[in-house]
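**Q** With the sequence up front, the predicted model follows.
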Amino acid sequence: MPSSNHVSTGSESNSGPDPDLRTESFAQFFETWLLEQEHDLEELKAAATCYTESTQSDTEWNQQLTSLVNRVMCHYENYYRVKSESADHDVLTMLSPSWRSNLEEAFLWVGGWRPSTAFHLLYSVTGLQLEAGFHELLRGLGSGNLADLSPDQLVRVDELQRQTVWEERELTENFAAIQETVADSTMVELSHVATELIRDPNSVTTGPVGPESVNERVESTIGTKENKLKEILGRADDLRLRTLKNVLDILTPIQAVDFLIAAAELHLRVHQWGVKKDEGANNQQQQQ
């Protein structure tokens with residue numbers, strides 16, 4: 001393939017951040033991940049441009065684009081691997097991430113993006129591309145992008161969306177059930193005992209073994225709930241990654257590139273907008 005149309009498949013670049021969680025926090029990893037995603041976005045956009053301008057066959061391009069898509073997906077897989085390892089150490093922080101802006105946090109679902117968002121993104125990009133290529137469509141010319149989704153692809157997308165929404169609702173209900181346990185009988189009893197202990201360190205309600213026993217019971221009870229939260233977060237992240245992979249499996253290589261471009265742009269820009277809003281709010285508070 002001529003060098004003028006060469007698109008990097010990543011073999012000459014590093015394999016992405018793989019931090020030692022004992023020395024680097026996930027917040028630091030997240031900043032590295034954003035830089036990596038910016039790099040991936042540039043490669044994806046370059047590939048899309050070269051594809052549009054190229055006169056080479058789709059067969060040649062499909063191999064190259066597929067390689068690029070696979071490399072980008074490896075970065076997503078690495079992200080969720082590191083996130084899972086971090087959740088094992090501190091699931092509460094992963095569910096309320098300080099590295100996310102307030103804008104992003106307002107749209108979080110179980111510590112991340114809602115899986116069904118992938119379909120809204122797909123339909124939005126499809127609509128925009130269809131509108132942009134309307135005149136070519138009238139002339140019977142196909143663009144090869146998401147505006148050219150076939151009837152079979154649309155059926156598969158619809159089936160996948162239905163399945164994803166079903167799993168999402170099930171996880172939402174399970175997550176709600178875990179949240180409700182904050183007021184179960186054990187927590188209510190412990191909160192009463194702890195309150196009495198604060199009022200009177202020698203309170204008989206703490207039992208014969210004293211406050212140490214109460215602290216152990218609190219840690220044990222909360223620890224059990226944290227383990228359930230780890231499980232639900234793991235399942236949510238699994239659904240997020242599976243949804244992304246399944247959507248890409250339905251698309252052609254150039255359509256997959258278009259979708260990954262839109263996903264990266266949306267994620268990166270919403271993060272930047274949120275950070276900017278937070279900085280503005282902080283500056284305003286300092287001036288008061």
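**A** Noted; the coordinates are in hand. Residues are numbered from 1 along each chain as shown.
**Q** show me where the protein has helices.
**A** Using DSSP state H, the helices found in the chain span residues 26-53, 58-89, 91-95, 102-105, 117-132, 134-138, 151-180, 185-199, 211-250, 253-287.
**Q** Show me what the last one is packed against.
**A** Taking 3 or more C-beta pairs under 8 Å, 6 or more residues apart in numbering; DSSP states H and E as contact, the helices and strands that helix 253-287 lies on are helix 26-53, helix 58-89, helix 102-105, helix 117-132, helix 211-250. C-beta: built from backbone N, CA, C; applies to glycine.
**Q** mind checking which of those helices is nearest Ser150?
**A** Across these, Ser150 has its closest neighbour in helix 211-250 (9.8 Å, C-beta to C-beta).
**Q** Can you flag the weakest of the helices of the chain by average pLDDT?
**A** Lowest mean pLDDT of the helices of the chain: helix 134-138, a mean of 48.
**Q** Including mean neighbour count and distance to Leu154, could the helices and strands packed on helix 253-287 go into JSON lines?
**A** Output for those, formatted as JSON lines (neighbours: other C-beta atoms under 10 Å; distance: least, C-beta to C-beta, whole Å):
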{"stretch": "helix 26-53", "mean neighbour count": "17", "distance to Leu154": "22"}
{"stretch": "helix 58-89", "mean neighbour count": "17", "distance to Leu154": "20"}
{"stretch": "helix 102-105", "mean neighbour count": "14", "distance to Leu154": "30"}
{"stretch": "helix 117-132", "mean neighbour count": "16", "distance to Leu154": "9"}
{"stretch": "helix 211-250", "mean neighbour count": "16", "distance to Leu154": "9"}
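**Q** Dump these into a markdown table; add distance to Ala256 as well.
**A** As requested, the helices and strands packed on helix 253-287 are exported to a markdown table (distance: least, C-beta to C-beta, whole Å):
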| stretch | distance to Ala256 |
| --- | --- |
| helix 26-53 | 9 |
| helix 58-89 | 5 |
| helix 102-105 | 25 |
| helix 117-132 | 11 |
| helix 211-250 | 5 |
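**Q** Quick one, which of the ones you listed gets closest to Trp166.
**A** The nearest among the helices and strands packed on helix 253-287, by C-beta to C-beta, is helix 211-250 at 10.6 Å.
**Q** what's the angle from the closest one to helix 151-180?
**A** 170 degrees (axes from the mean of the first three to the mean of the last three C-alpha atoms, to 10 degrees).
**Q** ok so, going back, redo the helices of the chain as TSV? Include distance to Asn145.
**A** Shown next, in TSV, are the helices of the chain (distance: least, C-beta to C-beta, whole Å):
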stretch	distance to Asn145
helix 26-53	8
helix 58-89	12
helix 91-95	35
helix 102-105	28
helix 117-132	5
helix 134-138	11
helix 151-180	12
helix 185-199	53
helix 211-250	14
helix 253-287	5
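**Q** Stretch 51-66: how far from the chain's middle?
**A** A distance of 29 Å separates the centroid of the chain from that of stretch 51-66, by C-alpha atoms, centre = their mean, to the nearest Å.
**Q** do the same with stretch 242-262
**A** The answer for stretch 242-262 is 15 Å, by C-alpha atoms, centre = their mean.
**Q** what residues does it touch?
**A** 40-41, 44-45, 47-48, 51, 61-62, 65-66, 68-69, 72-73, 76, 115-116, 118-119, 121-122, 124-125, 129, 144-146, 148-149, 153, 156-157, 160, 164, 263 (C-beta atoms under 8 Å, 6 or more residues apart in numbering).
**Q** Likewise for stretch 162-177?
**A** Contacts of stretch 162-177 (C-beta under 8 Å, 6+ apart): 109-110, 114-116, 118-119, 232, 235-236, 239, 243, 246.
**Q** now, the most widely separated pair of those residues?
**A** Largest pairwise distance in the contacts of stretch 162-177, by C-beta to C-beta, is 21.9 Å, between Phe119 and Ile232.
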